[in-house]
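Enquirer: Take this sequence and fold it.
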Amino acid sequence: MLEIRELDTGYGKKQVLFGLSMEVRKGDIVAIIGPNGAGKSTVLKAVCGLIPTWSGTISFDGTATNGSTPARNVARGITFAPQGNRVFTDLTVMENLEIGGFQLPRKELRPRIDRVVEMFPVLKDRRRQDAGDLSGGEQQMLALARALVPKPKLLMLDEPSLGLSPNLVRSVFEKITEINQDTGVTIVIVEQKVREVLGICNRVYSLKLGKVSFDGTSKELRDDRAKLKGLFL
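Expert: Now for the predicted structure:
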């Protein structure tokens with residue numbers, strides 16, 4: 001579904017990714033792990049079009065997306081939930097969900113929101129409540145729900161566990177697994193909670209200094225503590 005080949009990119013004059021290549025198969029949950037500053041979030045931003053591709057190619061469903069805007073990529077079926085519970089706190093839950101579906105025809109928007117909210121019972125009776133009044137875990141659920149409103153083929157998540165208690169982290173990862181299994185959406189997740197994300201993903205890429213340092217199944221790392229530790233040194 002997603003193919004990245006020899007990707008170079010960064011911010012301003014600072015290069016962050018160096019010849020990075022990876023593939024994501026339809027229906028999989030793929031984790032991107034690695035130490036701080038390795039370029040994990042930069043991969044997601046490049047795929048969704050928030051930063052330009054300097055060289056190399058990004059292809060989605062067989063079509064090159066180099067130079068595409070975030071809006072065009074959403075229309076293609078790519079959505080992105082950035083780190084830090086990025087919801088609009090001064091807007092209601094419903095208004096946040098409507099923003100997620102800004103490209104949908106009006107007649108399709110409300111039924112789509114109704115369907116997504118069924119997946120998130122915590123939001124069902126709070127549609128008129130300001131998002132800023134939700135707890136951190138509830139805001140994360142809202143961010144996930146908003147990213148699902150356009151009915152994506154590929155959902156990208158940047159550290160969905162950030163700032164959450166251990167119990168809420170478990171709830172979020174259970175919800176991510178449920179979304180993948182119930183809707184078939186492909187998921188790419190950047191995460192620092194390595195043990196937890198290895199428990200739900202099919203495949204994992206570890207980055208170091210903007211390059212892929214490991215590419216394999218999650219089982220390979222779960223069963224090899226020494227290798228896992230070495231990836232973060």
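Enquirer: buried set for the helix or strand containing Leu123?
Expert: For Leu123, the host element (DSSP states H and E) is helix 121-124. By 16 or more other C-beta atoms under 10 Å, the buried positions in helix 121-124 come out as Val122, Leu123. Using the backbone N, CA and C atoms, a C-beta is placed for each residue, glycine as well.
Enquirer: C-alpha coordinates for it, PDB please?
Expert: What follows is helix 121-124, C-alpha atoms only, in PDB (Å, rounded to 0.1, in the frame of the first residue of the first chain):
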ATOM      1  CA  PRO A 121     -18.600   5.100  23.400                       C
ATOM      2  CA  VAL A 122     -16.800   7.600  25.600                       C
ATOM      3  CA  LEU A 123     -17.600  10.300  23.000                       C
ATOM      4  CA  LYS A 124     -21.100   9.300  22.100                       C
END
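Enquirer: Tell me how far that helix lies from the chain's centre.
Expert: Here the centre of helix 121-124 is set off from its chain's centre by 21 Å, with C-alpha atoms, centre = their mean, to the nearest Å.
Enquirer: which secondary structure elements does the helix or strand where Leu109 lies contact?
Expert: Take DSSP H and E as the rule and Leu109 turns out to sit in helix 106-118. When contacts are defined as 3 or more C-beta pairs under 8 Å, 6 or more residues apart in numbering; DSSP states H and E, helix 106-118 packs onto helix 93-100, helix 121-124, helix 136-148.
Enquirer: Same list as before, those that is, but in CSV and with distance to Gly12 included.
Expert: Supplementary listing: the helices and strands packed on helix 106-118 in CSV, determined by distance: least, C-beta to C-beta, whole Å:
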stretch, distance to Gly12
helix 93-100, 29
helix 121-124, 38
helix 136-148, 27
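Enquirer: Out of these, which gets the lowest mean score?
Expert: When the helices and strands packed on helix 106-118 are ranked by mean pLDDT, helix 121-124 comes last with a mean of 86.
Enquirer: For the lengthiest helix in the chain, buried residues please.
Expert: Secondary structure of the chain per DSSP state H: the longest helix is helix 166-183. Going by neighbour count (16+ other C-beta under 10 Å), the buried part of helix 166-183 is Leu168, Val169, Ser171, Val172, Phe173, Lys175, Ile176, Ile179, Asn180, Thr183.
Enquirer: Same check on stretch 132-140?
Expert: Counting neighbours by 16+ other C-beta under 10 Å, stretch 132-140 gives Leu134, Gly137, Glu138, Gln139, Gln140 as buried.
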